[in-house]
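**Q** predicted model and sequence follow; I will ask about them next.
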Amino acid sequence: MSSDAPAVAVVGATGAAGGTLLRVLQERSFPAAELRLLASPRSDGAEVVFGAQRLTVRQVSDERLRGVDIAFFAAGALTSRRHAPEVAAGGGVAVDKSSAFRLDPEVPLVVPEVNAVALQRHRGIVANPNCVAIPLTIALAPLQRAFGLRQVTLATYQAASGAGRDLVAELAAQEREAAAGREPRATVYPHVLQGNVVPGGWAMRGEDTDEEVKVIAETRRVLDLPELAMSVTTVRVPVAVGHSAAVFVELQRQASAEEARDAFRDGPGVRLVDEPGEQRYPTPRDAAGGDDVLVGRVRADPGREHGIAFFFSADNLRKGAATNAVQVAELLLAG
Ligand SMILES: NC(=O)c1ccc[n+]([C@@H]2O[C@H](COP(=O)([O-])OP(=O)(O)OC[C@H]3O[C@@H](n4cnc5c(N)ncnc54)[C@H](OP(=O)(O)O)[C@@H]3O)[C@@H](O)[C@H]2O)c1
């Protein structure tokens, strides 16, 4: 691909991740000779504001992706499976936010701060990890480099927007209902999220949620640690934007909490927020709207050998989705 301004498409431009992607493209002045906004037939003809322009959304088709240099896919795995190979066959690159190709050995799974080198072997499709695996690998990579990783345990606190725009709208409606003294109802999610914490809502794969299986497989792949021992419980919480997790790590070598903090300070994409005595630590509210993975509550974990515990928060729609994809595209353009 030449470094001349590319023709760009955003598939899923009307969704939570796609809408954020449009904002991030604008903020970062991503060079685009042309921008095609695509979605399902439901949105054909809808208008979306992009800077000073009003752009019309069209139904995605191979025809409308023809001649595109970079196509961002944020419209679910089925749409990516159907159309991303066509983009690659036409000489463009599909930067995919869905789960369709994340475990395909022919497709690199890239977090630029962690494994940008993997991009070099792309063949027209680049996968992005899910919105927990991205901040988790950014937080773990400095510990991996400095001390080695032996085992990772985490429980997540995942925002409604991770499940898309419909759950954001449902949570907002439930909050209004509860404030008016009425009983909130759930139709999008299996439980009312307002005033609740839900350790499910994903499809199940045996006794694990699909999300737990993804986080483990994708984290291992990005860190290039296929045997890393991991235990994950994924939980949905009544927060609009910002995924968090409590993480417990067994390192290969002993490290003090201060040494772990030093590693986090040097970690690309990490911002250490760790003055708990001053009530400063990561929260999804502070992470939302930014691209940093906030890391704090760093401490020795006496429950395991060479143990370190920490907490992170990150914006699932930005670094967990849009920003990561745009960074990948920037690296592709830089050649
Ligand atoms: N939300 C996150 O935090 C996040 C993070 C990482 C990755 N992702 C991934 O991003 C993708 C979208 O998630 P989301 O949360 O943004 O969902 P969403 O808010 O529900 O938006 C879905 C988008 O996909 C489009 N779409 C649905 N079916 C389609 C079809 N058959 N053909 C073309 N477009 C179709 C929708 O278009 P219409 O408006 O026409 O219905 C809409 O633009 C998923 O693959 C998800 O795994 C999301």
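**A** Cool, got the structure.
**Q** now do the strands in the stretch 151-300 of the chain.
**A** Using DSSP state E, counting those that start in this stretch, the strands assigned to the stretch 151-300 of the chain run over residues 204-205, 208-209, 229-233, 243-251, 270-272, 293-300.
**Q** of those, which is nearest Ala74?
**A** For the strands of the stretch 151-300 of the chain, proximity to Ala74 was assessed by Cβ to Cβ; strand 243-251 is nearest, at 16.4 Å. Heads up, the C-betas are built off the backbone N, CA and C, glycines and all.
**Q** can you list the strands that the closest one pairs with?
**A** According to DSSP bridges, strand 243-251 has the following sheet partners: strand 149-157 (antiparallel), strand 307-314 (antiparallel).
**Q** out of those, which is closest to Leu119?
**A** When the strands paired with strand 243-251 are ranked by proximity to Leu119 (Cβ to Cβ), strand 307-314 comes first, at 21.2 Å.
**Q** that closest one versus strand 293-300: what angle between them?
**A** Orientation of strand 307-314 against strand 293-300 (axes from the mean of the first three to the mean of the last three Cα atoms, to 10 degrees) gives an angle of 160 degrees.
**Q** now the next helix or strand after strand 307-314: buried residues?
**A** On the C-terminal side of strand 307-314, the closest following helix or strand by DSSP states H and E is helix 323-334. Residues 323-329, 332-333 are the ones in helix 323-334 that count as buried (16 or more other Cβ atoms under 10 Å).
**Q** from Val295, how far off is the residue lying closest to Ala7 once chain neighbours are set aside?
**A** With Cβ to Cβ, 6 or more residues apart in numbering as the criterion, Ala7 has its nearest non-adjacent residue at 4.4 Å, and that residue is Glu34. In this structure, Glu34 and Val295 are separated by 39 Å, where distance is defined by Cβ to Cβ, to the nearest Å.
**Q** give me every residue in the stretch 51-200 of the chain lying close to the ligand.
**A** In this structure, the stretch 51-200 of the chain approaches the ligand at residues 60, 74-77, 79, 97-98, 130-131, 161-162, 164-166, judged by Cβ under 6 Å from any ligand atom.
**Q** state the distance from whatever residue of the stretch 1-150 of the chain ends up closest to the ligand to Val241.
**A** Of all residues in the stretch 1-150 of the chain, the one sitting closest to the ligand is Gly15 (2.1 Å; Cβ to the nearest ligand atom). Gly15 is 14 Å from Val241, where distance means Cβ to Cβ.
**Q** do Pro226 as well
**A** For Pro226, the distance to Val241 under the criterion Cβ to Cβ works out to 32 Å.
**Q** return the set of buried residues in stretch 48-66.
**A** Taking 16+ other Cβ under 10 Å as the basis for neighbour counts, the residues of stretch 48-66 that come out buried are 48, 50, 55, 57-58, 60, 64-65.
**Q** re earlier: in CSV: the strands of the stretch 151-300 of the chain, plus mean pLDDT and distance to the ligand.
**A** Listed next are these as CSV, based on pLDDT from 0 to 100; distance: least, Cβ to the nearest ligand atom, whole Å:
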stretch, mean pLDDT, distance to the ligand
strand 204-205, 98, 16
strand 208-209, 98, 14
strand 229-233, 98, 16
strand 243-251, 98, 8
strand 270-272, 98, 19
strand 293-300, 99, 14
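**Q** need those in CSV (columns: mean neighbour count and distance to Asn316).
**A** As requested, the strands of the stretch 151-300 of the chain are exported to CSV (neighbours: other Cβ atoms under 10 Å; distance: least, Cβ to Cβ, whole Å):
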stretch, mean neighbour count, distance to Asn316
strand 204-205, 12, 21
strand 208-209, 18, 16
strand 229-233, 16, 16
strand 243-251, 22, 4
strand 270-272, 21, 16
strand 293-300, 22, 11
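**Q** could those be laid out in a markdown table, adding distance to Arg42?
**A** Formatted as a markdown table, the entries for the strands of the stretch 151-300 of the chain read as follows, by distance: least, Cβ to Cβ, whole Å:
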| stretch | distance to Arg42 |
| --- | --- |
| strand 204-205 | 28 |
| strand 208-209 | 28 |
| strand 229-233 | 34 |
| strand 243-251 | 27 |
| strand 270-272 | 38 |
| strand 293-300 | 34 |
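**Q** quick one: which of the ones you listed is nearest Ala260?
**A** strand 293-300 (5.3 Å).
**Q** each with direction, which strands does the closest one pair with?
**A** Here strand 293-300 is paired, per DSSP bridges, with strand 270-272 (parallel), strand 307-314 (antiparallel).
**Q** out of those strands, which is the most enclosed?
**A** Comparing these by mean neighbour count (mean count of other Cβ atoms under 10 Å), strand 307-314 ranks first with a mean of 26.
**Q** what's next to that strand, contact-wise?
**A** 134-136, 138-139, 143, 242-251, 255, 257, 260, 264, 281-284, 286-287, 292-301, 320 (Cβ atoms under 8 Å, 6 or more residues apart in numbering).
**Q** okay, helices next: where are they in the stretch 1-150 of the chain?
**A** Listed in chain order, the helices found in the stretch 1-150 of the chain under DSSP state H, counting those that start in this stretch are 16-27, 62-65, 77-89, 112-115, 133-147.
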